[in-house]
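Q: Okay, predicted coordinates and the sequence, questions at the end:
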Amino acid sequence: MIRLLVCIAILLAGMLPAQAERLISGISNDTVQITSSFDGERMTFFGTIAPEAGAEQRYVEGPYQVVIVVLGPTQDRVARKKTNNFGIWLNTEQVEFKRFPSYFHVLSSKRLLEITDIATLNQNFILPESHAMVPNQAGFMKTLNFGRELIRLMSGEGLFGVQESGVQFMSDNFYQAQLILPSSAPPGPYIAQTYVFKNGALIARKSDGFAVRKIGFERFLALSSTQQPLLYGLACVVLALFTGWLGGVLFRR
């Protein structure tokens, strides 16, 4: 029995990969501050692929491929379809998406379908369309069609995107990528999910977080609109009346 167990252990050891890799990654800044003059922020993502802690090998061998998915705060969204009924455009169909990303951008070292298969991409929500295929009571095909249209509209606003040459390897195991966060990026917590592939297989992953938040007067307005809506509404009315009165005085002169 002991001899049999030893043989099984040797066989299992031979089936394990010769080396194990781990990912060490980072972001240039962990907080993006939105002010009245905010016109976007350049983010830099970088990292290195190293042997697993405690491993005997001192270096790792590629080639490796890296995919970075930058995901913004999720929120409920409704995609609607308008049809022309006797000259009047009306919303006739709609699909609600729960916890849909408000921002989604993919950076990769080469074409995604050259890195791994489409099943792995969808399983890890790397493709934008992956978020349009979540289970929904509207049905699979309707959810997929409405989801694609929602992604198309958000892509036009710069909130969704794919850069299949956005990751550059500076050496065999060190990479960096840059992404310009648009001025329309919604505030909230963001996650940068980094995936490392080798020969089509996912071998390592790591998550790094950063925050986009409003400061100064913009933060005061945002908080007031949600925490004190009555006071915020009255302040807007007073400000509008004052602006109208001031404009009338100036133009009379």
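A: Noted; the coordinates are in hand.

Q: wait, what's in contact with A211?
A: D30, T31, V32, G188, P189, Y190 (Cβ atoms under 8 Å, 6 or more residues apart in numbering). Backbone N, C-alpha and C define where each C-beta goes, glycine included.

Q: next one: G72
A: Residues near G72 by Cβ under 8 Å, 6+ apart: P101, S102, Y103, F104, L159, A185, P186, G188, Y190, V212.

Q: again, only using 7 Å
A: G72 sits next to P101, S102, Y103, F104, A185, P186, G188, Y190 when contact means Cβ atoms under 7 Å, 6 or more residues apart in numbering.

Q: now it: how far from H131?
A: Plainly put, G72 is 12 Å away from H131 if you go by Cβ to Cβ, to the nearest Å.

Q: and if you look at G156?
A: Taking Cβ to Cβ, one finds G156 at 17 Å from H131.

Q: Looking at the two, which is more packed in?
A: H131 (20 against 9; other Cβ atoms under 10 Å).

Q: In contact with that one, which residues?
A: H131 makes contact with F100, P101, F125, G147, according to Cβ under 7 Å, 6+ apart.

Q: Now the first one: which helix or strand?
A: F100 is part of strand 88-101 when elements are defined by DSSP states H and E.

Q: hang on, T120 is in a helix, isn't it?
A: Yes: under DSSP: H, G, I helix; E, B strand; the rest coil, T120 sits within a helix.

Q: The closest residue to it other than its chain neighbours: neighbouring residues, count only.
A: Nearest in space to T120, with sequence neighbours left out and distances taken as Cβ to Cβ, 6 or more residues apart in numbering, is L202 at 6.4 Å. When counting by other Cβ under 10 Å, one arrives at 16 neighbours for L202.

Q: so the residue minimising distance to the centre of the chain bridges to which residues?
A: The chain has L71 as the residue nearest its centroid, 1.9 Å off, counting by Cα atoms, centre = their mean. Assessed by DSSP bridges, L71 has beta-bridge partners F104, I191.

Q: just E21 next, same as before
A: Beta-bridge partners, per DSSP bridges, of E21: P51.

Q: Among the contacts of A211, the buried ones, what's the ChimeraX command?
A: Burial among the contacts of A211 is assessed by 16 or more other Cβ atoms under 10 Å; the matching ChimeraX selection reads:
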select :32,190
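
Q: Just the ones of the contacts of A211 in strands?
A: T31, V32, G188, P189, Y190 (DSSP state E).

Q: Identify, from the residues you listed, the entry nearest to W89.
A: Nearest to W89, judged by Cβ to Cβ, of those is G188 at 32.6 Å.

Q: Not counting sequence-adjacent ones, nearest residue to the closest one?
A: Nearest to G188 is P73, by Cβ to Cβ, 6+ apart, at 3.2 Å.
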